[in-house]
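Participant: Take a look and give me a structure for this.
(2 chains)
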There are 2 protein chains.
Amino acid sequence: MKYHITVDIGGTQIRSACYRMNSNTPVMIERISTQGEQSALERLCMVVEKTWPTDGKVCGISVAAPGPVDPWEGIILYAPNIPGWKDIHLKNHLQAQFKVPVTVGNDANMAAMGEWKFGSGIGHHHLIYLTISTGIGGGIIMEDKLLLGQRGLAGEMGHVTVLPGGPLCGCGKPGHLEAISSGTGIARWTQGEIQKGRPSALSAHEVITAKLVHQAATEGDELAIEAFNRAGFYLGMALADFLHLFNPTIIILGGGVSRSGELLFAPTRQAIEQFVIEPHYLDNFTLTQAALGDEAGLMGSLALAQEYFPA
Amino acid sequence: MKYHITVDIGGTQIRSACYRMNSNTPVMIERISTQGEQSALERLCMVVEKTWPTDGKVCGISVAAPGPVDPWEGIILYAPNIPGWKDIHLKNHLQAQFKVPVTVGNDANMAAMGEWKFGSGIGHHHLIYLTISTGIGGGIIMEDKLLLGQRGLAGEMGHVTVLPGGPLCGCGKPGHLEAISSGTGIARWTQGEIQKGRPSALSAHEVITAKLVHQAATEGDELAIEAFNRAGFYLGMALADFLHLFNPTIIILGGGVSRSGELLFAPTRQAIEQFVIEPHYLDNFTLTQAALGDEAGLMGSLALAQEYFPA
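Facilitator: Next comes the predicted model:
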């Protein structure tokens, strides 16, 4: 029996899954915290070992890694959530350890691959995927190919400026889409408005989260609804820009905030229609929700493994 | 002897050039106004006929057309500067007329091809070209391929929002890069500041043009210099976004306004450095001026003809 192993490195945990050749259903999934006695790299190897099949051959390991990645050299340039991870030569390390070929890609790019091959994007040739959670990342498929750029750093769609001089992004720059339309952005704006004295059911809470804002919005809280309208407005404005730049047939929104459904999608669609320069951009165009949930990264890695490491 | 014919449809004139197979030097260039007794389409055919070689075979005609183009069907969806041009099936029309294969592309995309094959972008695999004149257009080459999107409408880099609620663009939407950093944008802002009472050597002029602002800036006029600083600031902010989205090795600026040199390039470079999220985006990266001038469109069409219509 032949297998693929795929790994998804998250901010708090690392997951490893084992798939039989040509199957999309994992035989086994294991997870481990990134923090512990051993280094994150050692823990990554531990969890891969746990999913190693006893009855056959592993054709390759495919890893979805956070932060900027050089996909050709398999180097994690840095991982925002794992202290000390900078220029980690993950491909070389894993190949030396496990004696099988290894590929490494950015996790949001991998999630785009996953949605394209197994999720909402099946059959599309020009696809944009955005994950909207604490941050905003994404991946772009053009003519059936992941857009990588010279060093694999393309597709950072959370880090486009939508409001010059606006709130600071996690990256330190002002006014990025991520600073406004991510969960963090939604919570921060709502907290700020409450501090300014705006009435809201949320004012009882000391710390506001996007989840709380979502809950309040579904219960009709005006400020909370406005928070989603604002996030959707800037998101739709950015998506109109992406239509003009990429002319895709589909934009797929994933990540926790996208699960707010129409609360986010309605103002986003409205802004796209408001800002698109030409109706032809909306020909054969769909804005839709991701299908794979938290599995997108693992599934995208699987797509890459199936492509790179055939039996 | 075998030949290619290339055509560049401008706002005021149509040019046709004839090249010997595998030569980049035109045997003949003819031009004709878009306006006259005959329709623009008839005039286009007239100027192509003028460059038709008498001693051999034409392998194909390649056309650079203004406005959104469907490059697969060879349809000009509309041409902003030619009244009545909407859904012009140019490829079919020219093929029926001249009995040779025809290809049609957006003029800014063709200029990107020209700079890539024959100009400042030779040897690059990930290239962005912007033409900054009365408007802003462009073309994107990723992994040695023109990025077209589903209908060929990708690469509209002038129509990204850089200042929400900002000045109206030629397309009717607010705050686009084109509305601020094009020649029109520079002239309009300067005129507005003078009307507000800002002192400037330009206040003697009734109508301000980008050329006049450029002239005044080189003579040390503070308002004129500020106009270029502002254009460069927003341009650099947008280019930083493009670095995050496309991770190119080179961005080439063409068009009349780009010829202002350091007046525009210095604030643009400064803004790129200010807004880029990660120094790796500047690895092996060059911002530079176009090499081909007004010939970029014809040369890009030639590149396409050489690819599509070999001997």
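Participant: what about residue A:119, how many neighbours?
Facilitator: Residues lying near residue A:119 (other C-beta atoms under 10 Å in any protein chain shown) number 24. No exception for glycine: its C-beta is placed from N, CA and C like everyone else's.
Participant: got the residues of the stretch 51-200 of chain A near chain B?
Facilitator: Those residues of the stretch 51-200 of chain A that sit near chain B, judged by C-beta under 8 Å from any C-beta of the partner chain, are A:68, A:77, A:125-126, A:140, A:142-143, A:145, A:147-157, A:159-164, A:171-173.
Participant: For the stretch 101-250 of chain A, which segments count as strands?
Facilitator: Secondary structure of the stretch 101-250 of chain A by DSSP state E, counting those that start in this stretch: the strands cover A:102-106, A:126-132, A:136-142, A:145-146, A:250-254.
Participant: Pull out the CA atoms of the third one and give them to me as PDB.
Facilitator: This file holds the C-alpha atoms of strand A:136-142, laid out as PDB (Å, rounded to 0.1, in the frame of the first residue of the first chain):
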ATOM      1  CA  ILE A 136      -6.600  37.600   6.300                       C
ATOM      2  CA  GLY A 137      -4.600  35.500   4.000                       C
ATOM      3  CA  GLY A 138      -5.300  33.900   0.600                       C
ATOM      4  CA  GLY A 139      -4.300  32.200  -2.500                       C
ATOM      5  CA  ILE A 140      -4.800  32.900  -6.200                       C
ATOM      6  CA  ILE A 141      -5.200  30.300  -9.000                       C
ATOM      7  CA  MET A 142      -4.800  31.600 -12.500                       C
END
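Participant: Could you turn the buried ones of the residues of the stretch 51-200 of chain A next to chain B into a PyMOL selection?
Facilitator: Only the buried entries of those go into this PyMOL selection, using 16 or more other C-beta atoms under 10 Å in any protein chain shown:
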select buried, chain A and resi 68+77+125+126+140+142+147+148+149+150+151+152+153+154+155+156+157+159+160+161+162+163+164+171+173
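Participant: Identify the residue nearest residue A:141 in space, chain neighbours excluded?
Facilitator: Nearest non-adjacent residue to residue A:141, counting by C-beta to C-beta, 6 or more residues apart in numbering or on different chains: residue A:127, 4.3 Å away.
Participant: Hmm, residue A:247 and the one you found touching each other?
Facilitator: No: shown here, residue A:127 and residue A:247 do not form a contact pair, counting by C-beta atoms under 8 Å, at 11.4 Å.
Participant: Those two - which one has more neighbours?
Facilitator: Between residue A:127 and residue A:247, counting by other C-beta under 10 Å, residue A:127 is the more crowded of the two (27 against 24).
Participant: OK, contacts around the residue nearest to residue A:141?
Facilitator: If you count contacts by C-beta atoms under 8 Å, 6 or more residues apart in numbering or on different chains, residue A:127 has them with A:112, A:115-116, A:121, A:140-141, A:248-252.
Participant: quick revisit: make JSON lines from the strands of the stretch 101-250 of chain A and add mean pLDDT to it.
Facilitator: Formatted as JSON lines, the strands of the stretch 101-250 of chain A follow (pLDDT from 0 to 100):
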{"stretch": "strand A:102-106", "mean pLDDT": "96"}
{"stretch": "strand A:126-132", "mean pLDDT": "98"}
{"stretch": "strand A:136-142", "mean pLDDT": "97"}
{"stretch": "strand A:145-146", "mean pLDDT": "96"}
{"stretch": "strand A:250-254", "mean pLDDT": "98"}
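Participant: Go ahead and confirm residue A:199 touches residue A:221.
Facilitator: No: at 9.2 Å, residue A:199 does not count as touching residue A:221 under the criterion of C-beta under 8 Å.
Participant: Between the two, which has more neighbouring residues?
Facilitator: Set residue A:199 next to residue A:221 and count neighbours by other C-beta under 10 Å: residue A:221 wins out with 20 against 11.
Participant: Need the pLDDT of the residue of the stretch 51-200 of chain A found nearest chain B.
Facilitator: Across the stretch 51-200 of chain A, the shortest distance to chain B (C-beta to the nearest C-beta) belongs to residue A:149, at 2.4 Å. In this prediction, residue A:149 carries a pLDDT score of 96.
Participant: Isn't it up against residue B:126?
Facilitator: Yes: here residue A:149 reaches residue B:126: they are 5.5 Å apart, a contact under C-beta under 8 Å.
Participant: list the residues that contact both of the two?
Facilitator: Listed as contacting both residue A:149 and residue B:126 by C-beta under 8 Å, 6+ apart are B:142, B:246-248.
Participant: what stretches of chain A score poorly on pLDDT?
Facilitator: Within chain A, no range satisfies pLDDT under 70.
Participant: Pop the domain breakdown of it in here.
Facilitator: Chain A breaks down by automatic domain parsing into domains covering A:2-111+A:295-308, A:123-290.
Participant: Could I get these in CSV, plus columns for distance to residue B:229?
Facilitator: CSV is the format used below for the domains of chain A (distance: least, C-beta to C-beta, whole Å):
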stretch, distance to residue B:229
domain A:2-111+A:295-308, 31
domain A:123-290, 14
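Participant: how about the ones you listed, which one is nearest residue B:17?
Facilitator: Among those, the nearest to residue B:17 by C-beta to C-beta is domain A:123-290 (28.9 Å).
Participant: How far off centre is that closest one?
Facilitator: Domain A:123-290 sits 12 Å away from the centroid of its parent chain (C-alpha atoms, centre = their mean, to the nearest Å).
Participant: for stretch A:74-88, same thing?
Facilitator: From the chain centre to the centre of stretch A:74-88 is a distance of 17 Å (C-alpha atoms, centre = their mean).
Participant: residues in contact with it?
Facilitator: When contacts are defined by C-beta under 8 Å, 6+ apart, stretch A:74-88 is touched by residues A:9-12, A:34, A:40-41, A:63, A:65-70, A:89-92, A:102-104, A:170, B:278, B:280.
Participant: Return the subset of the residues you listed lying in strands.
Facilitator: When DSSP state E is applied, the contacts of stretch A:74-88 are split such that A:9, A:63, A:65, A:69-70, A:89, A:102-104 fall in strands.
Participant: did I read that right, residue A:17 in a strand?
Facilitator: Yes: Residue A:17 forms part of a strand when assessed by DSSP: H, G, I helix; E, B strand; the rest coil.
Participant: That one reaches residue A:298, doesn't it?
Facilitator: Yes: Residue A:17 is within contact range of residue A:298, at 5.2 Å (criterion: C-beta under 8 Å).
Participant: what about the helices in the stretch 101-250 of chain A?
Facilitator: Using DSSP state H, counting those that start in this stretch, the helices of the stretch 101-250 of chain A run over residues A:107-118, A:177-181, A:183-195, A:210-218, A:222-246.
Participant: So for residue A:5, which of the ones you listed sits nearest?
Facilitator: Taking those one by one with C-beta to C-beta, helix A:107-118 is closest: 14.0 Å.
Participant: List the buried residues of stretch A:278-291.
Facilitator: Residues of stretch A:278-291 classed as buried: A:278, A:280-281, A:285, A:287, A:289-291 (neighbour count, 16+ other C-beta under 10 Å).
Participant: Next one: that stretch, is it in contact with chain B?
Facilitator: Yes: contact of stretch A:278-291 with chain B is found when judged by C-beta under 8 Å from any C-beta, involving A:278, A:280-281, A:283-284.
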